[in-house]
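Undergrad: Quick one, fold the following:
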Amino acid sequence: MPGGRLTQQERQQIALGVTDGLAYAEIARRLDRPTSTITREVMRNGGPTGYRADLAHRATERRAQRRRQAAPRSVEASPQPYGRDAEAVREYEEVFTTVMMASGMPKMMARVMACLTLTDSGSLTASELVERLQVSPASISKAIAFLDSQGMVRRERDERRRERYVVDDDIWYQSMLASARAAAQIVETARQGVGVLGSGTPAGARLENVARFLDFVSESTARAAEQAREILHAKPAADSDGVG
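TA: Numbering: from 1, shown residues only. Below is the predicted model:
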């Protein structure tokens, strides 16, 4: 499997694949590249609806130039448990962060969320996050405040009385319920609009259709989340290789 940076020709093939609706794994197979490479490339350069090969290539060159000019102090890769490849983990964390950003989460919040989620303990202190992400304590504090307000992390004290930030097993369940509640609020507001605009008018009919659609979606989401909740608490199968 080839390594190194993507070429402009490869980016053109990626653009064609995205336009044709191919899965990232299929595009990766055709280019003999890791799926994570294709996912990261698309998501950091406009996403599936905005990816353009020429713009992506120029943006990559600009990022590389900025890195060379900044010449930052190199950070030693943290030793990885379970025999993991440290570079592969770093690249995957970038992919995870980029996908979270594409869903609407601000960059620093997405970086913190990815860092916590990909940690085996599922919890880190502020100083640990500062060290891992090489950002200021203020940036971590702002990101945690946002994630806490969204119910994406919770706070707890460890035995040394340090505040730890935890990705709980139920976070994604709570996130789905929050999404369902938000949709339900839109349903209520849309139906108020039907009364104001008139059910027999085009605008009123449009709002009624929106309300019916989102009502079905929100109820289905909440029901599915409740039915699948136990999946979030499943324990990993025993690994015959043990800890690396």
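Undergrad: Give me the phi and psi angles of Asp170.
TA: Main-chain dihedrals, Asp170, degrees, to the nearest 10: phi -90, psi 0.
Undergrad: wait, what's in contact with it?
TA: Counting by Cβ atoms under 8 Å, 6 or more residues apart in numbering, Asp170 touches 229, 232. Backbone N, C-alpha and C define where each C-beta goes, glycine included.
Undergrad: Distance check, it against Ala180.
TA: Noted for Asp170: a distance of 15 Å to Ala180, by Cβ to Cβ, to the nearest Å.
Undergrad: Identify the residues contacting the most centrally placed residue in the chain.
TA: Nearest residue to the geometric centre of the chain (Cα atoms, centre = their mean): Met100, 2.0 Å. Met100 is in contact with 109-110, 113-114, counting by Cβ under 8 Å, 6+ apart.
Undergrad: Where does the residue nearest to Ala224 when sequence neighbours are not counted sit: helix, strand or coil?
TA: Distances taken as Cβ to Cβ, 6 or more residues apart in numbering put Met176 closest to Ala224, at 7.8 Å, once the chain neighbours are dropped. Under DSSP: H, G, I helix; E, B strand; the rest coil, Met176 falls in the helix class.
Undergrad: Double-check Met176 against Glu226; I have them as touching.
TA: No - between Met176 and Glu226 there is no contact under Cβ atoms under 8 Å: 9.2 Å.
Undergrad: which of the residues in the lowest-mean-pLDDT helix or strand in the chain are buried?
TA: Lowest mean confidence among the helices and strands of the chain (mean pLDDT, DSSP states H and E): helix 53-70, at a mean of 75. Neighbour-count burial for helix 53-70, with 16 or more other Cβ atoms under 10 Å as criterion, is recorded at 53, 56-57, 60.
Undergrad: No more questions from me, cheers.
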